[in-house]
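Peer 1: give me the fold of what follows.
(one chain, ligands or ions: 1)
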Amino acid sequence: MTTDHNTNFDPYEFYAALVAHKLIIPVGVPGAFGRSAIFEDILERFNALVSAHSADDDAQMMTFPPVISRQLLEKTGYLDSFPHLCGTVFSFNGDERQARELSRRVGEKEDWSNTQSMGELVLNPAACYPVYPTFTGILPVKGRTVTMLHWVFRNEPSNEPTRMQSFRVREFVRAGTEAQVSSWRDMWLERSLGIFAKLGLPAHSDIATDPFFGRAGKLMADSQRKNELKFEINVPVISKTAPTACCSFNCHQDHFSTPFGIKTHNGDVASTACVGLGLERIVMALLKTHGLDPTGWPATVRKHLWP
Ligand code: ZN
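Peer 2: Got it, this is the predicted structure:
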């Protein structure tokens, strides 16, 4: 039998195949599809594998909702660097008369956007953001490590399946001295390559940059690349020549430590780093590499996910 699932790289065909195999469920808005039980099982198994590999890391588990304080984004400069990705929560706060007007406009399919006003919340754009304010103060000598599994939002509607508006990231964050966090980041890059190799994924790491907005963003990306602050692990999913970033490994220097007053045990400004594993993208990388029916995946791969 021949299969073409890992030689043909059309993103829209891959999306259609994920739908046809009942792995994802369209909802009529690009990048916001549902996930089936099979898709979720793979995702949870991968997440468990990551937990097993990091069991001795002494990482504290935290969970925050998919909304965070708008002030947190304002304080970290997110709106300067990524205004195009942000999702701000607007709600109705009017009186009875304005409510009738809202109802009328919805009924008559008129624009009702100016009946809404900005609130205190934004959709969380990166799994690690809510953690930094909890680090304020003096860190222990060993620093601190936290792990989370969060839904994040990016305003980038696309019919290309790996470009989602809402997705989950298994994240690890480390705060400590520059040396502590950079060696930890490098350890995770090697560890993640090892996990991907066990799963038979054709993964490669590369230096990377964040999708900073506009012309000023280009300079920030250049500086990020020059200082080797960001690495990604890429796997071909929708393109052989432009593989999909499935995890990122980021050193932030004092980007979060300065605004939130995070200090090392001897009182210096601390450094932070984070590792984010894009769970849906990793599931898609597995489906692309090994086929759309996980019961047919190689035993050498299955034994790590369904031990
Ligand atoms: Zn992060």
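Peer 1: so which bits of the stretch 201-307 of the chain are right by the ion?
Peer 2: For the stretch 201-307 of the chain, the residues found near the ion under the criterion Cβ under 5 Å from the ion are Cys274, Gly276. (Each C-beta comes from the backbone N, C-alpha and C, glycine too.)
Peer 1: need the helices for the stretch 201-307 of the chain, in chain order.
Peer 2: Listed in chain order, the helices of the stretch 201-307 of the chain (DSSP state H, counting those that start in this stretch) span residues 214-226, 257-260, 279-290, 299-305.
Peer 1: Phe213 contacts Tyr78, doesn't it?
Peer 2: No: Phe213 sits out of contact with Tyr78 when judged by Cβ atoms under 8 Å, with a separation of 10.4 Å.
Peer 1: low-confidence stretches in this structure?
Peer 2: 1-6 (pLDDT under 70).
Peer 1: return the nearest residue of the stretch 151-300 of the chain with respect to the ion.
Peer 2: Distances between the stretch 151-300 of the chain and the ion by Cβ to the ion are smallest at Cys274, namely 3.2 Å.
Peer 1: give the contact list for that residue.
Peer 2: Taking Cβ atoms under 8 Å, 6 or more residues apart in numbering as the contact definition, Cys274 lies against Ala127, Cys128, Glu171, Phe172, Val173, Arg174, Asn250, His252.
Peer 1: that older thread, out of the helices of the stretch 201-307 of the chain, deepest packed?
Peer 2: Ranked by mean neighbour count under mean count of other Cβ atoms under 10 Å, the helices of the stretch 201-307 of the chain are led by helix 279-290, which reaches a mean of 24.
Peer 1: kindly provide the distance from the closest residue to Thr244 other than its chain neighbours to Leu287.
Peer 2: What sits nearest to Thr244 in space, not counting adjacent residues and going by Cβ to Cβ, 6 or more residues apart in numbering, is Val237, at 4.1 Å. Relative to Leu287, Val237 is positioned 9 Å away (Cβ to Cβ, to the nearest Å).
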